[in-house]
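J.: The sequence and its predicted three-dimensional model are supplied below.
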Amino acid sequence: MSAPTTTHVKPGMGAPGTVREHHEHHELSFLRKYIFSTDHKVIGIQFLFTGLTFFVVGGLMAMAIRWQLAWPWTKMPVIGGILFPNTGEAITPEFYTMLFTMHGTLMIFFVIIPLLTGAFGNFLIPLMIGAPDMAFPRLNMFGYWAMIPAIACIVMSFMNPGGGPAAGWTAYPPLSTIETAAPGSLSAQTYWLLALTWIGVSSMMGAINYVTTIVKMRAPGMTMMRMPLVIWALFIAALLQLFALPVLTAASIMQILDRTLHTGFFTPTNLVVNQMNPEMVGAAAGGQPLLWQHLFWFYSHPAVYVMVVPAMGMASDILATHARKPLFGYKPMVYSLASIAGLGFIVWGHHMFTSGMNPALGMTFMVSTIIIALPSAIKVFNWLGTLWGARIRLTTPMLNALGFVAMFIVGGLSGIWMAATPVDIYIHDTYIIVAHFHYIVFGGSVFAIFASIYHWFPKMFGRMMNETLGKIHFVGSFIFTNCVFYMMHQLGMAGLMRRTAMPYDYETYAHLQPLNQFISISAFCLFAWQIIFVFNFFHSLWWGKRVGRNPWQGCSLEWEAPSPPGHGNFDHQIEVYRGPYEYASPEVEEDYLPQAKKLS
Amino acid sequence: MRLIATLLFAALLVFGIWSFVDSETFLLGPMPDGYSWWWPEYTSTFGGDIDFLFTFISWLILVFFVGTMGALIMFVFKYSKKREGKAVFSHGNHKLEMIWTGIPAALLLIIAFMQMTTWADIKFAGATAGKQLFAEVFASQFDWRFRYPGIDGRFGTADDIESVYEFVVPVDEDIVFNLRSHDVLHSFFVPVLRLKQDAVPGMTIPVWFNSMEEGTFDLICAELCGWGHYKMAGRITVVSRAEFDQWIVDKTAEKYSNGQENQ
Ligand SMILES: [Cu+2]
Ligand SMILES: [Cu+2]
């Protein structure tokens, strides 16, 4: 079921132009092969399984949130008795706070980022640039194993007796730093911060590896401008991580110090929280709550792009492959990715328009935020350009990639509302924001992840996923996703605030319960529909149709390797002669001309 | 599959257009009186500018939504048909790239510039500088408190009036108040006034609005502030100047009579 095979591997490629001597290839023990492996493919698959597992957990939390919003404070069927034996089997306000905090945290730090960069970054980078492995295989293994303390910490945080972390995934102080502000959390918030720090370590190891590998390990002939877009995207995402992560790590440690040693980086003077002045118990003060917001968003805005840029790359590759047509505007696509990354570092203040930050500063952030809409627009137009005049094969990966484009259009356009500062006064922290980022991260990134799993599954495991089941899965997922998230715009128009456990007591929101029930029912259907995917995934793992090297007739290098590729990836010398998207090339009879195919 | 995929994306397009053009009955049938699937009616002086901007951007979004989704649907329908021969062998088009970079860039710059004055009017320090302070507003877990200067018009004197939950203000006047918090972050949000401002411990933030209509409106905390965040409600009561003056007098009288009883 897993990547390495027993095929005897011939010399792979070393640094460009050199061929490494063939080392004696001894059988690795099960433990070294599947658990403590330094093989980038195994590590990628480990990230894949970890990410998908947490996807289920995070999804269950979303279901609980939806239950509360549709039928607040009512008995939760089936599991209510186990979870809330003391409160009439219903959710409590404290538990609701913990639910959306953990839902956000898990989905961002334990699902989307590990799946995009951890799973596909690891699996695809060496294969698609023609390298035998990552530049630093051991560091790579450490990158995955740094997830384990992160998981341990987040479980500790979650299982904390008084209640979990209660400050949202953004962890704004003083709510997150002053213990009396959220009495139930106790040490949960500290564990939460430690988990984030460990996730940061994991991402950092990955990012160092990706950048080094892409810069130093490309096969002969693989110039930067011949790299598939997904590799460009992963490269840029890794650079984003490299420059932004240290800031989050520093900020988390400052918050940990505030919580444990009462350093007061984020604690202003004369706080009285819950009739308690922290200074009375020796806490330092004179800090600034806004400082955390600046530091946090300095990381987390680029992180938003870490969550979508690789998805854009994957979609580009999958669209071109299944449209049987070269990607439209390769260079503009690369430049737009690069400008998203560059501009991504100067837009963080758009999360703080109403925070009390100097409004003049808000205006400059508004301008940079408006400008960053442009590269996204360019990408959409080029994807459409790719489809024009194509010979589209409506395979499951293609359907999901098209779904990605459709939903990215919706999410991208609604972002323009948010960039307009006066409009943001009204819609900030409402469900319009929730709708927007779910269209980007669920409609966008998750559909790109589905597309990628269907597309590269044959390479990972040497077997096809079932196409019929895949199509059924796509159609239902697309319908329910839109039923859930499109309608959230309407909630936001009515001014409904996010993170509100029971909104209907307000006159302004009293009429929104039927709409919330509709959304919740759609969300339950969406969740249940994923059973089809899970079944298809595991069934195909063992009983899927076996495939050869290149089931989709793709042009890029991963299709040159056996499916699944052995240790060292390639069993023959790889040399690159052209760009990655030579579909429909007039030079050959078939409708694709692989990168590594030498024409006489 | 070709037909299903086309219909699926077409459904999203129809759904989207429907949500824009018919905000009265969209999807769930007619709304209760006074409600719609669009923003609630505004009552503040700057509400019109904000709503205009929102509507303007919305129409722009709709145009691009219809254009891009329309193209997607058309291409999926047209080019997924099984046919002989290869796809068009094209790596892009420089002129097209210039067009679809230039036009959105120009539109985005227009959006950027047309909002600047509105933003400055609402939030810049100049909007409140030198104006008389109407009240001080304190947010804390989980209630709102409003302090008025009382009959002598000065804060910090014995006749200051405090109101919990209810913020009474006169209609058609610029109301300038200082927003504070002494525990965690909160946010002062009144949907109909199109007003939202975080209350940050350690900071005193001047805020202003001018309500053009009388009535009572929800004041909602818009920033997560703990387990009771959802019930941190307040109310803004907008009355005529005469009623407001009378309310101050009544409150003052109430305060002193209570004081005597306590002694
Ligand atoms: Cu952002
Ligand atoms: Cu609050």
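T.: Everything's here; your move. Numbering: from 1, shown residues only, chains lettered A, B, ... in the order given. Ligands and ions are numbered 1, 2, ... in the order given.

J.: Skip the chain neighbours and tell me the closest residue to A:Ile112.
T.: A:Met307 (4.8 Å; Cβ to Cβ, 6 or more residues apart in numbering or on different chains). Any C-beta I mention is one placed from the backbone N, CA and C, and that applies to glycine too.

J.: I'd like to know the average pLDDT value across stretch B:86-99.
T.: What stretch B:86-99 shows for mean pLDDT is 91.

J.: Check the gap between the closest residue to ligand 2 within the stretch 51-200 of chain A and chain B for me.
T.: The nearest approach of the stretch 51-200 of chain A to ligand 2 comes at A:Leu175, 9.5 Å away (Cβ to the ion). Using Cβ to the nearest Cβ, to the nearest Å, we find A:Leu175 at a distance of 4 Å from chain B.

J.: I'd guess that residue is in a strand, am I close?
T.: No - looking at A:Leu175 with DSSP: H, G, I helix; E, B strand; the rest coil, it is coil, so not inside a strand.

J.: residues in contact with it?
T.: Residues in contact with A:Leu175 (Cβ atoms under 8 Å, 6 or more residues apart in numbering or on different chains) are A:166-167, A:181-182, B:184-185, B:224-226.

J.: ok, which of these also contact ligand 2?
T.: Restricting these to those touching ligand 2 (Cβ under 5 Å from the ion) yields B:Cys225.

J.: Please identify which pair of the contacts of A:Leu175 lies farthest apart.
T.: A:Ala166 and B:Leu185 (13.3 Å; Cβ to Cβ).

J.: Can you read off the backbone torsions of the residue nearest to A:Ile112?
T.: The phi/psi pair for A:Met307 (degrees, to the nearest 10) reads phi -80, psi -10.

J.: likewise A:Met352?
T.: Reported as degrees, to the nearest 10, the phi and psi values for A:Met352 are phi -130, psi 20.

J.: Next: A:Ala188.
T.: phi -60, psi -40.

J.: Correct me if wrong: it contacts A:Gly164.
T.: Yes - the pair A:Ala188 / A:Gly164 is scored as a contact, 5.0 Å apart, by Cβ atoms under 8 Å.

J.: what is in contact with the two at once?
T.: Shared contacts of A:Ala188 and A:Gly164 (Cβ under 8 Å, 6+ apart): A:98, A:157-158.

J.: near ligand 2, which residues of the stretch 151-263 of chain B?
T.: By Cβ under 5 Å from the ion, the residues of the stretch 151-263 of chain B that approach ligand 2 are B:186, B:221, B:225, B:232.

J.: Which ones among these map onto helices?
T.: Of those, none are assigned to helices by DSSP state H.

J.: Chain neighbours aside, what residue packs nearest to B:Leu219?
T.: Setting aside the residues directly before and after it, B:Leu219 is nearest to B:Gly234 in space (Cβ to Cβ, 6+ apart), at 3.4 Å.

J.: Please point out which parts of the helix or strand containing that neighbour sit buried.
T.: Taking DSSP states H and E as the criterion, B:Gly234 maps to strand B:233-239. Across strand B:233-239, burial judged by 16 or more other Cβ atoms under 10 Å in any protein chain shown covers B:233-234, B:236-239.

J.: From the contact counts, what lies against it?
T.: For strand B:233-239, the elements it packs on are strand B:166-170, strand B:215-221, judged by 3 or more Cβ pairs under 8 Å, 6 or more residues apart in numbering or on different chains; DSSP states H and E.

J.: Touching that strand from outside, list them.
T.: A:505-506, B:43, B:143-144, B:165-171, B:190, B:193, B:211, B:213-221, B:247.

J.: that older thread, select from the shared contacts of A:Ala188 and A:Gly164 the one having the most neighbours.
T.: Within those, A:Met98 tops the neighbour count with 26 neighbours, counted by other Cβ atoms under 10 Å in any protein chain shown.

J.: Is that one located within a strand, as I assumed?
T.: No - read with three-state DSSP, A:Met98 is helix and lies in no strand.

J.: Pull out the buried positions in the host helix or strand of A:Ala250.
T.: Here A:Ala250 sits within helix A:229-260, counting by DSSP H and E. Judged by neighbour count (16+ other Cβ under 10 Å), helix A:229-260 contains these buried residues: A:229-241, A:243-245, A:247-249, A:251-252, A:254-259.

J.: immediately after it, which helix or strand?
T.: Of the helices and strands lying after helix A:229-260 in sequence (DSSP H and E), the nearest is helix A:289-306.

J.: Among the helices and strands packed on strand B:233-239, which comes closest to A:Met363?
T.: strand B:215-221 (25.9 Å).

J.: In its sheet, which strands sit next to the closest one, and in what direction?
T.: Using DSSP bridges, the strands paired with strand B:215-221 in its sheet are strand B:186-190 (antiparallel), strand B:233-239 (antiparallel).

J.: Next, format the ones you listed as TSV and append mean pLDDT.
T.: Shown next, in TSV, are these (pLDDT from 0 to 100):
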stretch	mean pLDDT
strand B:186-190	96
strand B:233-239	96
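
J.: Would you reformat those strands as JSON lines and include distance to B:Trp39?
T.: Shown next, in JSON lines, are the strands paired with strand B:215-221 (distance: least, Cβ to Cβ, whole Å):
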{"stretch": "strand B:186-190", "distance to B:Trp39": "13"}
{"stretch": "strand B:233-239", "distance to B:Trp39": "17"}
